[in-house]
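1. After the sequence you'll find the predicted model.
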Amino acid sequence: MRPFDPRLLRAAPELRRPVAALTVVAALQGVAAIGLAFALARLVVDVVSGGDWQRSGVWVVGAFAARAVLAALVDRVGASASHRVSSGLRRRLLARWLAAPAESRPDPERASTLAVQGASAVEPYAARFLPALVAGVVVPFLAVGALVLVDPLSALVVVLTLPLLPLFAALIGRETEDDTRSRWRALEQLAGHFGDVMRGLPTLVSYGRARRQVEVVGAVSAQHRTATMRTLRVAFLSSSALELLASISVAIVAVTVGLRLTHGSMTLEAGLLAILLAPEAYWPIRRVGAEFHAAADGATAVDAILTELAGATDCPDATSALGPKALPRVPSGQSVGVEGVGYAYPGSERLVLDSVSLEAGPGLTVVTGTSGVGKSTLLDLVAGLRVPTAGRVLLGGPVHYVTQRPFLPDGSIAEALRLGSATPPSDAELWSALDRVGLGTFVAGLPDGLGTALGDDGFGLSAGQRTRLALARALLSAAPVVLLDEPTAHLDAPSAATVRDVVRELARERCVVAVTHSADLVVVADEHVHLTAATLEAVPA
């Protein structure tokens with residue numbers, strides 16, 4: 001867990017300009033702090049000696065105003081940068097996972113922790129720690145340089161004691177790193193277990209085991225709480241140690257200055273300047289230590305996110321309806337070619353598909369087989385969502401994939417229909433597609449029509465309505481290859497007949513490969529293949 005990872009500037013280019021601005025502002029803050037010290041020392045000397053203290057007072061007010069303006073500017077730049085970096089990293093994470101095949105994606109609990117809590121934890125890191133880090137690098141050098149000119153002995157004391165602060169901060173930070181990683185592991189376990197419980201809640205309720213999970217979630221939450229408190233204790237210890245070291249170091253400077261003032265070997269103005277400048281050398285490093293522990297989650301999250309983004313691979317621009325880029329494949333005209341494809345799920349040696357070959361041209365190709373034999377996996381491979389263990393997939397263009405549970409964004413019906421279209425269709429085209437799948441009357445009866453907001457994952461629609469909405473999206477797509485996974489499932493007889501007509505309409509212009517258990521869809525197919533024992537067998541017409 002490094003305080004600053006250079007990879008962050010490469011992964012988030014929007015951070016480069018704020019970091020450069022913060023460096024300039026930090027240097028100006030150092031100059032303003034030194035100027036304020038000189039102005040205060042001059043004011044005290046003028047008051048004691050009866051000099052022109054009014055003019056010195058004006059310089060003091062001006063220096064205070066300059067420091068206040070620069071501090072507000074740092075906060076503004078840091079807050080703006082933190083929001084852009086957090087949202088930018090989240091977008092890059094989601095884009096990387098969408099572009100990657102299923103085998104390269106992290107576990108759901110890790111993905112949700114990184115994209116939600118992880119990206120959010122970057123905000124205090126970028127808003128507070130990075131400005132403090134830049135100031136901690138620039139300001140001490142300026143303060144020590146001014147001390148060398150004013151009082152070399154005080155500068156020597158500061159130079160000898162200043163390295164103790166980052167040394168102790170690093171020693172305590174090693175303990176914080178271990179505690180923070182333990183806390184993140186506990187958070188991932190909590191997120192994963194809670195997600196598993198929510199997905200299996202109906203089954204747990206039916207078997208009377210739901211209340212038992214309350215205790216398990218409570219135990220995992222207690223682990224997370226314990227790790228958090230341990231991290232906070234170490235953070236408070238670190239802040240106290242840095243404060244103590246800085247106070248002792250400033251006290252040493254003050255004692256040496258006081259002794260020399262007593263013996264008359266030093267002027268009052270020089271002594272005041274030494275006492276005022278010494279804390280300015282220690283304060284930025286104390287703040288770096290305090291902000292680092294406050295943003296320790298962000299530092300851990302940055303490391304985890306950058307490591308995840310480092311695994312991204314370049315892919316061509318072929319896309320499916322779900323958004324991910326397809327893996328590199330060899331074009332073979334307006335058709336689908338599967339040559340000797342084998343596939344085993346990650347962590348398993350058993351082949352779900354073994355030496356499967358398929359050729360599908362323009363028209364409707366129907367794939368049947370018993371449940372669990374690998375039909376949906378075959379479509380995932382053709383769509384580029386998974387990488388074959390053996391063999392290859394050949395496509396001539398982009399693929400539009402309608403899964404058994406199609407993705408619907410948290411937006412309006414119009415937005416859901418326009419998703420994945422290179423050229424957004426007009427409202428008239430949307431209504432035409434809805435009428436063709438039998439949803440025109442239903443949508444027209446909604447209060448806002450096409451502007452009606454859908455809930456998360458199409459909440460508010462039945463499974464059949466979600467499927468038909470996704471099929472309307474396929475009609476609006478220009479992809480030459482359309483993959484359909486159980487398009488007539490969850491539909492009554494009239495709706496299934498409508499969907500069959502739409503599928504035949506698509507097959508007149510494109511290559512359509514449909515997985516189904518419906519005998520009615522098999523009857524209208526141009527080609528029928530049956531998947532059994534991980535191989536495809538052609539069924540005579």
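-> In hand now; what should we look at?
2. tell me which residues of stretch 120-138 are tucked away?
-> 121-138 (16 or more other Cβ atoms under 10 Å). All C-beta spots, glycine's among them, are computed from the backbone N, C-alpha and C.
3. Those residues in strands, which ones?
-> Using DSSP state E to define strands, no part of the buried residues of stretch 120-138 is located there.
4. so how far is A478 from F64?
-> 64 Å (Cβ to Cβ, to the nearest Å).
5. oh, I was asking about P425
-> Applying Cβ to Cβ to P425 and A478 gives a distance of 10 Å.
6. what does M266 give?
-> M266 is 83 Å from A478, by Cβ to Cβ.
7. what does Q54 give?
-> Relative to A478, and taking Cβ to Cβ, Q54 is found at 77 Å.
8. for R405, same thing?
-> For R405 relative to A478 (Cβ to Cβ), the value is 24 Å.
9. Give me the more crowded residue out of the two.
-> R405 (15 against 12; other Cβ atoms under 10 Å).
10. The nearest residue to that one once chain neighbours are set aside in helix, strand or coil?
-> Of all residues not flanking R405 in the chain, R466 sits nearest, at 7.3 Å (Cβ to Cβ, 6 or more residues apart in numbering). State at R466, reduced to three classes by DSSP: H, G, I helix; E, B strand; the rest coil: helix.
11. What is the neighbour count of R466?
-> Count around R466 with other Cβ under 10 Å applied: 22.
12. Repeat that for the one 5 residues further on.
-> For L471, the count of nearby residues is 24 (other Cβ under 10 Å).
13. and if you look at S477?
-> For S477, using other Cβ under 10 Å, the count is 24.
14. if I look at it, how far off is L446?
-> Counting by Cβ to Cβ, the gap from S477 to L446 is 23 Å.
15. try E349
-> For E349, the distance to L446 - Cβ to Cβ - is 50 Å.
16. between these two, which one's more packed in?
-> L446 (13 against 7).
17. Let me know whether the more buried one touches T452 as I believe.
-> Yes - contact criterion Cβ atoms under 8 Å: L446 and T452 qualify, at 4.3 Å.
18. Quickly list what's touching both of the two.
-> Residues touching both L446 and T452 by Cβ atoms under 8 Å, 6 or more residues apart in numbering: I413.
19. Quick one: residues contacting L114.
-> Per Cβ under 8 Å, 6+ apart, neighbours of L114: 93, 106, 301, 304-305, 308.
20. what about 10 Å?
-> 89-90, 93, 97, 106, 121, 184, 188, 301, 304-305, 307-308 (Cβ atoms under 10 Å, 6 or more residues apart in numbering).
21. just the buried members of these?
-> 89-90, 93, 97, 106, 121, 184, 188, 301, 304-305, 308.
22. now those residues in TSV, with secondary structure?
-> Listed next are the buried ones among the contacts of L114 as TSV, based on three-state DSSP:
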residue	secondary structure
L89	helix
R90	helix
L93	helix
W97	helix
P106	coil
A121	helix
W184	helix
E188	helix
A301	helix
A304	helix
I305	helix
E308	helix
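23. and those residues as CSV, adding distance to A20 and pLDDT?
-> Below are these laid out as CSV (distance: Cβ to Cβ, whole Å; pLDDT from 0 to 100):
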residue, distance to A20, pLDDT
L89, 19, 83
R90, 23, 85
L93, 25, 84
W97, 31, 81
P106, 33, 77
A121, 24, 78
W184, 31, 63
E188, 35, 64
A301, 23, 76
A304, 26, 78
I305, 22, 81
E308, 26, 81
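24. Among the residues you listed, which one lies nearest to D501?
-> W97 (36.1 Å; Cβ to Cβ).
25. if I look at that closest one, how far off is V255?
-> From W97 to V255 the distance is 59 Å (Cβ to Cβ).
26. got it, and G369?
-> 87 Å.
27. what's the residue nearest the centre of the chain in contact with, if anything?
-> With distances taken as Cα atoms, centre = their mean, the chain has R90 as the residue nearest its mean C-alpha position (2.6 Å). Counting by Cβ under 10 Å, 6+ apart, R90 makes contact with 114-116, 118-120, 122, 305.
28. Quick check, V288 in contact with V134.
-> Yes - applying Cβ atoms under 10 Å, one finds V288 in contact with V134, separated by 9.4 Å.
29. Just give the number of residues close to the closest residue to Q465 other than its chain neighbours.
-> Nearest non-adjacent residue to Q465, counting by Cβ to Cβ, 6+ apart: L439, 6.7 Å away. L439: 22 surrounding residues under other Cβ under 10 Å.
30. L439 contacts S495, correct?
-> Yes - L439 lies in contact with S495 (Cβ under 10 Å); the separation is 9.4 Å.
31. shared neighbours, these two?
-> Common neighbours of L439 and S495 (Cβ under 10 Å, 6+ apart) are 464-465, 468.
32. tell me which of those is nearest to G30?
-> Checking these one by one against G30 (Cβ to Cβ), the nearest turns out to be Q465, at 63.4 Å.
33. Compute the distance between that closest one and P494, please.
-> 14 Å.
34. L261 too?
-> 99 Å.
35. Of those two, which one has the most company?
-> L261 (15 against 9).
36. Can you give me the neighbour number for the closest residue to the more buried one other than its chain neighbours?
-> Once flanking residues are discounted, L261 sits nearest to G271: 5.0 Å by Cβ to Cβ, 6+ apart. Using other Cβ under 10 Å, G271 is surrounded by 21 other residues.
37. next one: M229
-> Neighbour tally, M229, other Cβ under 10 Å: 12.
38. next one: V502
-> 21.
39. How are the helices of the stretch 301-450 of the chain distributed by residue range?
-> 375-383, 413-418, 427-436, 440-444 (DSSP state H, counting those that start in this stretch).
40. Check the ones you listed for me and report the most buried one.
-> Of the helices of the stretch 301-450 of the chain, the one with the most neighbours on average (mean count of other Cβ atoms under 10 Å) is helix 375-383, at a mean of 24.
41. picking up where we left off before, could you single out the nearest of the contacts of R90 to L417?
-> Closest to L417, out of all of the contacts of R90 and judged by Cβ to Cβ, is A115, at 25.9 Å.
42. so that closest one makes contact with L309?
-> No - look at A115 against L309 with Cβ under 10 Å: they stay out of range, at 11.9 Å.
43. Need the per-residue pLDDT for L36.
-> Listed pLDDT for L36 reads 87.
44. swap in the one 10 residues further on?
-> The pLDDT attached to D46 in the predicted structure is 84.
45. same check, this time on the one 10 residues further on
-> The predicted structure scores S56 at 84 on the pLDDT scale.
46. next one: T313
-> 42.
47. What of L434?
-> Looking at L434, the pLDDT reads 90.
48. longest single helix anywhere in the chain?
-> The residue-count maximum for a helix in the chain (DSSP state H) belongs to helix 210-263.
49. now that helix: mean pLDDT?
-> 76.
50. Which neighbouring elements make contact with that helix?
-> helix 152-161, helix 164-199, helix 201-206, helix 268-294, helix 296-309 (3 or more Cβ pairs under 10 Å, 6 or more residues apart in numbering; DSSP states H and E).
51. okay, the buried ones among the contacts of L114 in JSON lines with distance to G145 next?
-> Below are the buried ones among the contacts of L114 laid out as JSON lines (distance: Cβ to Cβ, whole Å):
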{"residue": "L89", "distance to G145": "37"}
{"residue": "R90", "distance to G145": "41"}
{"residue": "L93", "distance to G145": "43"}
{"residue": "W97", "distance to G145": "49"}
{"residue": "P106", "distance to G145": "48"}
{"residue": "A121", "distance to G145": "36"}
{"residue": "W184", "distance to G145": "40"}
{"residue": "E188", "distance to G145": "47"}
{"residue": "A301", "distance to G145": "36"}
{"residue": "A304", "distance to G145": "39"}
{"residue": "I305", "distance to G145": "37"}
{"residue": "E308", "distance to G145": "42"}
